[in-house]
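In: Quick one, fold the following:
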Amino acid sequence: TVELNVNWKQTKAITYNANKGSGAPASQTIIEGMKVRISDTIPTRTNYTFKGWATTSSATTATYQPGGSYTANKSITLYAVWSQNKVIVRFNTNSGTLASSTTYNGTTYTWTASGGTVSRKVGSGTATSDFFTINYGSQTGSDGLPDRSDTSTYLKITRSGYTTLANSAWVCKSGCTTSGKVFASGTVYNASDFCNASSANCTVELNANWQKVHTITYNANGGSGAPASQSVINGSSFTASSTKPIRTGYTFLGWGSSSGATTVSYTPGTTYTPTSDLTLYAIWKINKVNFKFSTNGGTVQATSSSSGNTYKWKQDSNGIISRTDPNGSTYSEVFYTLDYGANTNSSGFPNYNNSGFLNITYSGYSAPENYEWKCLSGCSTNGKLFNQDSVYKASDLCDASSSDCTVVLGVNWKQVQTITYDAN
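Out: Residues are numbered from 1 along each chain as shown. Have a look, this model is predicted:
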């Protein structure tokens with residue numbers, strides 16, 4: 001007869017704590033002297049990655065891994081070890097040129113780019129392309145994303161003929177939740193604005209968001225004082241400069257697209273949208289001296305004929321004479337015009353008492369030879385006398401250096417005195 005005793009073994013337990021996560025494995029029983037396989041069940045925690053199990057809730061390094069063995073003959077509580085997920089932000093020059101070294105707030109930065117991806121070394125430290133590492137659920141620093149501007153003393157990326165705008169300085173190249181998303185410099189972003197690191201780390205790379213720049217250049221085209229050039233982002237508009245150039249003897253009309261243009265294409269103060277670089281040329285109108293003539297108390301002949309041409313004449317209440325073109329019917333007060341800098345023709349002014357053309361009479365009066373015309377208004381020197389047979393410069397009459405000017409010349413009447421001889 002044999003008698004068998006129950007082979008009692010003391011039991012212990014492994015208890016699992018998700019440590020702020022969820023889905024911890026069920027407890028396991030430990031039988032003295034036997035190995036226990038650590039549960040393969042993995043807990044979850046939003047924004048964190050499970051690293052394994054440890055014996056304290058504050059541990060950052062795992063002691064046990066799922067599927068591993070536990071051999072100690074005692075009860076234990078295993079706590080999940082978590083690593084907070086990260087968003088890694090990188091930058092790319094996107095065909096721009098990266099400054100090799102900058103100094104910002106007393107710190108020297110060394111910059112390199114491989115395939116456009118920017119790497120940064122702070123002082124004598126180690127270069128890294130991981131510009132920002134943001135805990136998921138957190139934000140960028142208070143300075144936000146960097147400015148890449150041409151004048152930056154930190155991250156300086158340039159590209160000839162291009163610029164970036166502060167409100168759209170960067171555009172997602174890869175890794176973003178939203179492909180092609182645009183980001184502003186100097187703006188604070190949540191980690192989740194870049195990519196979804198709720199279950200694992202994620203990396204984004206942002207391109208410099210270059211915008212083509214058109215240059216508007218002004219050419220005074222024979223004048224001086226052209227406005228400064230303007231820069232315009234492609235697709236944007238510019239207002240043509242209100243600064244007007246100057247040119248002696250000419251009036252500025254506006255801007256044209258070639259040096260020989262006579263029609264204004266761009267008006268100062270008006271808005272335009274360019275599609276390429278532009279050079280705008282000043283369009284000028286030469287100033288004129290306008291001549292009018294007055295009977296100055298006399299009477300003009302109504303009709304005259306010469307060389308088969310007929311002219312019609314009339315005067316207004318002030319004595320200003322109007323005439324028609326040869327054989328015409330439309331009257332004009334302006335007798336003729338003279339370009340600034342030019343001279344009258346070789347015959348000088350019209351003869352005031354030419355019966356075949358201009359014929360003005362005034363009973364008892366005549367104009368003295370060599371002083372037939374007198375300036376009544378508009379001249380630089382009013383009352384100035386002119387010889388009808390002399391050639392004059394435009395500037396002898398009035399100053400058209402900045403605009404047109406008009407003079408009125410009247411017959412320089414002098415009363416005729418009669419000398420009577422008596423043979424006595």
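In: for this protein, where's the lowest mean pLDDT among helices and strands?
Out: Among the helices and strands of the chain, strand 28-31 carries the lowest confidence by mean pLDDT, DSSP states H and E, at a mean of 90.
In: And that strand, what does it pack against?
Out: strand 11-17 (3 or more CB pairs under 8 Å, 6 or more residues apart in numbering; DSSP states H and E). Backbone N, C-alpha and C define where each C-beta goes, glycine included.
In: Give me the sheet partners of the strand it packs on and which way each runs.
Out: Within its sheet, strand 11-17 is paired with strand 28-31 (antiparallel), strand 76-84 (parallel), according to DSSP bridges.
In: chain center to it, what's the gap?
Out: Centroid separation between strand 11-17 and its chain, computed with CA atoms, centre = their mean, to the nearest Å, is 70 Å.
In: Pull the number of nearby residues for Thr163.
Out: 18 (other CB atoms under 10 Å).
In: And for it, nearest residue in space, chain neighbours not counted?
Out: Excluding its sequence neighbours, the residue lying closest to Thr163 (CB to CB, 6 or more residues apart in numbering) is Val213, at 5.2 Å.
In: Okay, the one you found and Leu155: tell me how far apart.
Out: 20 Å (CB to CB, to the nearest Å).
In: cool, and Asn190?
Out: 21 Å.
In: Same question for Leu358.
Out: Taking CB to CB, one finds Leu358 at 80 Å from Leu155.
In: re the thing from before, confirm for me that the residue nearest to Thr163 is in contact with Ser231.
Out: Yes - taking CB atoms under 8 Å as the definition, Val213 is a contact partner of Ser231 at 5.2 Å.
In: which residues do the two both contact?
Out: Thr163 (CB atoms under 8 Å, 6 or more residues apart in numbering).
In: Neighbour count for these two, which is higher?
Out: Val213 (16 against 11).
In: circling back: can you classify the residue nearest to Thr163 by secondary structure?
Out: strand (DSSP: H, G, I helix; E, B strand; the rest coil).
In: Now for the nearest residue to Thr337 once chain neighbours are set aside, how many residues are close by?
Out: Of all residues not flanking Thr337 in the chain, Lys288 sits nearest, at 4.4 Å (CB to CB, 6+ apart). Residues near Lys288, counting by other CB under 10 Å, number 21.
In: Who are the contact partners of Lys288?
Out: Contacts of Lys288 by CB under 8 Å, 6+ apart are 337-340, 400, 404-405.
In: What distance do you get for it to Leu338?
Out: Lys288 is 7 Å from Leu338, by CB to CB.
In: Good, we can wrap up now.
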